[in-house]
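Student: pasting the sequence and the predicted coordinates here, then a few questions.
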Amino acid sequence: MRVLQPFPRSLRACLRGAVFVALLMPGTAAAQKAAPAPPAKAPKAPATAKPARPLPDSVLIRIGDREDVTVRRFRRAVGLLGGDPDSLTPTDRDRFLDLVLEQRLLAAHAVAAGLPWTAADSARYRSERDNTLLRAALADRLTALENKRRAAGQPDLDEQALGAAARESLMVELKPVYDEDLLRRIGSAFAELPQPDAKMSAAEQVKLLGRMPEVAAADTVRVLARSQLGEYRVSDLLQDYRRLSSIYRPRINDADGVRAMVQNALFERTLRNAAAAPALARRPEVAAVLADRVEFHSVNSYLQHAIMEKIPSDSLTLQRYHKAHKSDFDQPARTVLVTIMLGDSVAADSLARLFAMPGNAESLAFQAQRAGSNYTQVVTAASDSALYARTRAIGAGGVGGPDRIGGAFRVFKVLSVDPRTAQEFKAVRERVHQAWYEAEGERRVRALLDGLKRTAHVQRNDVALRAIVLSAPPHPR
């Protein structure tokens, strides 16, 4: 099986754009119906276009008979793309409009193609759909509670306090019955977990945070709480705790800590039950978000299957590309240093004198590397032009510093000054492969987009387009 390659940067930007434009256009075919799998192939447009009717002032362009790019949506798209919708020149307007058009044409083409999704896209969509429905269910419950509080004349709460109030309100409804003795035993097991301290390394702290409490096997099947949602057992609690990231796991010291975990789990169960209701996914605002994700993964999978997987990557192809762009893979001119940062100037002065003696810096760097540290630094004009110029001037064998860098002092020795050097294909094969993949992928997608634009029926509203640009060029700042 061929390993799926990451998309080139240009294609990733195109996909990101397609997502937000879909969100801005709920009238599109994808926004009318969300589905957990790639939609069926859409019918083709009729060969002869209907006579164009004048577009309303709010519409900038109409793509075929299926989609309008309105002024409001275009202005939002410009903002999301990093532009200023209030300072558009005619050139800026046309550039952004062309990008939006390309995104919408690509999305429609990918959805109509109906290619199967990649396994990665399918898995990501399932996760996104689950999260979207859970957020919608949570929003419903928080809104209902907020409305109830306002009707009773109670003050509004911030998001965190409102969430806690929603959980407490649910517990009043559910009336869970707890096994208090079991709560105490499980709370004690959690309290006995060792805790990290500042003296430990980061790895040791993470390892401790990942520990699970030691619970008797007989207790794991016992019921901690009973409610209208059914039984909640110790095994459920341990499973929920294990699923939490070790960094964000709550510190549980007693029965009340276990009780809070149980209440959180019951709250989540309630939300998941609400999220499973078919009516929630059919609500327009929820369906539009799900349709956006369907469209995104349809485009992503289409590009992977129809374009990226078809790019040849055999040695002969890569060697040809390397030969045609050989200088792109040269090792740049560089200096190689041993660099140490110290906390005080006296130690830094001593180290600088030590580095001046032949072999000391190299020996220190070698010992550090064996111990898992790296004191060797490669500097180029692109990475740090000032340091590169300085180290070239010092020359191989020279020592620099101490330099005050913030609250520390830097000392370095220049090990070598290397000129720009051509690289053989074997040494840079992976870089050649990535560069070829990006360049050829971008070329093929560009050819696809150009073809889609040539065959698309796009109706422009020139009056509305003129109205969204500045009447005069902006003053230079």
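Tutor: That came through fine.

Student: how about Pro155, secondary structure?
Tutor: Following DSSP: H, G, I helix; E, B strand; the rest coil, we place Pro155 in the coil state.

Student: what about it, neighbour count?
Tutor: When neighbours are counted by other Cβ atoms under 10 Å, Pro155 registers 6. C-beta coordinates here come from the backbone N, C-alpha and C atoms, glycine included.

Student: contacting residues for the residue nearest to it when sequence neighbours are not counted?
Tutor: Spatial nearest neighbour of Pro155, excluding adjacent residues (Cβ to Cβ, 6 or more residues apart in numbering): Arg149 at 7.7 Å. Arg149 makes contacts with 155-157, 165, as judged by Cβ atoms under 8 Å, 6 or more residues apart in numbering.

Student: can you check Phe74 too?
Tutor: Contacts for Phe74 (Cβ under 8 Å, 6+ apart) come out as 60, 85, 96-97, 100, 468.

Student: just the element for it, please.
Tutor: Secondary structure assigned from DSSP states H and E places Phe74 in helix 71-80.

Student: again, but for Pro402
Tutor: Element membership for Pro402, per DSSP H and E: strand 399-405.

Student: check which residues of that strand are buried.
Tutor: Buried residues in strand 399-405, counting neighbours by 16 or more other Cβ atoms under 10 Å, are found at 399-402.

Student: for that strand, which strands pair with it and how are they oriented?
Tutor: strand 408-418 (antiparallel) (DSSP bridges).

Student: from the chain's centroid, how far away is the strand it pairs with?
Tutor: Between the centre of strand 408-418 and the centre of its chain there are 37 Å (Cα atoms, centre = their mean, to the nearest Å).

Student: quick one: mean pLDDT over it.
Tutor: Averaging pLDDT along strand 408-418 yields 92.

Student: show me where the chain has strands.
Tutor: 59-63, 67-70, 177-178, 223-227, 230-233, 334-342, 376-380, 399-405, 408-418, 458-460 (DSSP state E).

Student: okay if I get these as TSV plus distance to Ser315?
Tutor: Output for the strands of the chain, formatted as TSV (distance: least, Cβ to Cβ, whole Å):
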stretch	distance to Ser315
strand 59-63	43
strand 67-70	45
strand 177-178	67
strand 223-227	61
strand 230-233	58
strand 334-342	28
strand 376-380	29
strand 399-405	43
strand 408-418	28
strand 458-460	43
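
Student: just the buried positions in stretch 333-349, please.
Tutor: For stretch 333-349, burial by neighbour count (16+ other Cβ under 10 Å) applies to 334-342, 348.

Student: ok, so of those, who is nearest Ser245?
Tutor: Checking those against Ser245 by Cβ to Cβ gives Met341 as the nearest, at 31.5 Å.

Student: ok, that closest one - contacts?
Tutor: Counting by Cβ under 8 Å, 6+ apart, Met341 touches 405, 408-410.

Student: from Ile247, how far out is it?
Tutor: Per Cβ to Cβ, to the nearest Å, Met341 is found 27 Å from Ile247.

Student: now swap in Leu290 and tell me
Tutor: In terms of Cβ to Cβ, Leu290 sits 30 Å off from Ile247.
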